[in-house]
Each structure stands twice: as C-alpha cells, then as structure tokens.
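Kindly generate the corresponding structure for this input.
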Amino acid sequence: MSLGDDAVPPLAMLLSAHAAAGQVDRHRALWAFDARLAKVARTTSEAMIGQMRLAWWNDVIDDGTGMKGTGEPVVDAMRASGAMDAPALSAVIDGWEVLVVEPEIDLIGLRDYAAGRGGGLFRALADVAEAPDWLEAAGRVWALWDLAGHVGDAALGKAALELAQELLPQVDGARWTRGWKPLRIAFTLARQDVLEGRGASTGISRALAWRLLRIALVGR
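Here you go, the predicted structure:
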C-alpha cells in the first residue's frame, strides 16, 4: 500500500530513504503514523474529542483481527509494511495525548511528551522493544526540537529547547548501528540546532538539504 505525497512529512521522506533495504516502506509508514497523530493534536480544540481520536488509533493497534481501520491509507500502509507490529506505538500516542489534553504544558508535561513521542518513535523505527537508554534520549531530544520548531507558543518552544539541551549528554557515547542510520541523521540534525538554540525548520531549504547530505556522509 503506497502512501500519498502528503502523508509523510518531507524531512521524514528524506530520512526514510536512508533506511536499510526492505525497511523504507516501514519507516515511511511509521512517520506517517506520527504525522496523523500530529494532525490530531494540531486540529483538536476539545480535549475529549482529541482523546477519542487518539483512542481510535490505540484500538487499531490492538485489533488482533487486522480489520479495524481498513481503508485508512496509513493503517493499510502500516499493516502492509509490518509497521503495525513495531514496539512502542502506544507510547507515541501517549506522548501526543499530552499536547491534546493539557491546556498548559509544564516541564513534567514536556518530559512525558518527549518520552512518549520521541522515545517511542525512535524505538518503533529501530524495531527494538528494549532500546538502550541513549537511543530513547536521542528520540526525546528530537521530539523536543521538532516541537520547538512548530509550536506557536514562544515560551513553550524555549522550554522545549532548554530541556533538549539538558538531555543531550545522555546521548554521549552512542553507538549507532548501520540499520539505525535514519535515526542518527535525525538526531544529529536536531543536536546541531539545539546547541544553537534553534528548533526544527518548517520546510526543506537548500541549506537544510545540504546539511542532511553532509550528516549522512560524514556523520556531522
């Protein structure tokens, strides 16, 4: 099942291209899953409705029959690629739920969001149920960086970057396997910006494309 061009964010499409052979579709499906949850958080004005929409995704993940949600493009792509069996999918939902239900996000909320969305998504992409602590920390840094670049609340964005900076030492000494190359690129990009006090870019500029290529080739 192929995904439409708008289902996977542009940066995620570029990252997925670096996935191991046979894993590209799985990576794209997982990024599309994250993007669907982001849309729930972005378009929900009533917390209860947002929670119901997120609960639907939990039901899809837990459906042993493999029928619920059939026809929804991201659901179909996840099942076809094996992404539906990835670990920590519910954790990703829990992370996004923080942004849906909390009217004001404090430091505890930011930590919960980062652990769920970022740590969970990196575990899912890496396809390891018991991920090393540094890998989950890398995911948390990435999620906070991404939030800082897209949130309209300047104070929240600043708090997200400060927390990301605090978490960076937890990734020191990381040993990235070849199969985790897309995650290494995503984290390195985020790390560079976090150190400069910048959140994620909202598009793919020529400069960003060159940065991604450099990180992919030389690691920095």
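
From what I see, Ala124 and Val92 are in contact.
Yes: assessed by C-beta atoms under 8 Å, Ala124 is found in contact with Val92 at 6.6 Å. Using the backbone N, CA and C atoms, a C-beta is placed for each residue, glycine as well.

list the helices and strands the longest helix along the chain packs on?
In the chain, with assignment by DSSP state H, the single longest helix is helix 24-43. For helix 24-43, the packing partners by 3 or more C-beta pairs under 8 Å, 6 or more residues apart in numbering; DSSP states H and E come out as helix 10-16, helix 47-62, helix 73-81, helix 89-101, helix 120-126.

Can you lay out those helices as TSV showing distance to Asp34 and mean pLDDT?
Shown next, in TSV, are the helices and strands packed on helix 24-43 (distance: least, C-beta to C-beta, whole Å; pLDDT from 0 to 100):
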stretch	distance to Asp34	mean pLDDT
helix 10-16	8	94
helix 47-62	11	95
helix 73-81	10	96
helix 89-101	6	96
helix 120-126	6	98
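
follow-up on the earlier one: can you give me how far the longest helix of the chain is from the chain middle?
Its chain's C-alpha centre and that of helix 24-43 lie 8 Å apart, by C-alpha atoms, centre = their mean, to the nearest Å.

Would you mark the buried spots in that helix?
Using 16 or more other C-beta atoms under 10 Å as the test for burial, helix 24-43 gives 24-38, 40-41.

Ok, stretch 72-84 next?
Burial within stretch 72-84, assessed by neighbour count using 16+ other C-beta under 10 Å, is assigned to Val74, Val75, Asp76, Ala77, Met78, Arg79, Ser81, Ala83, Met84.
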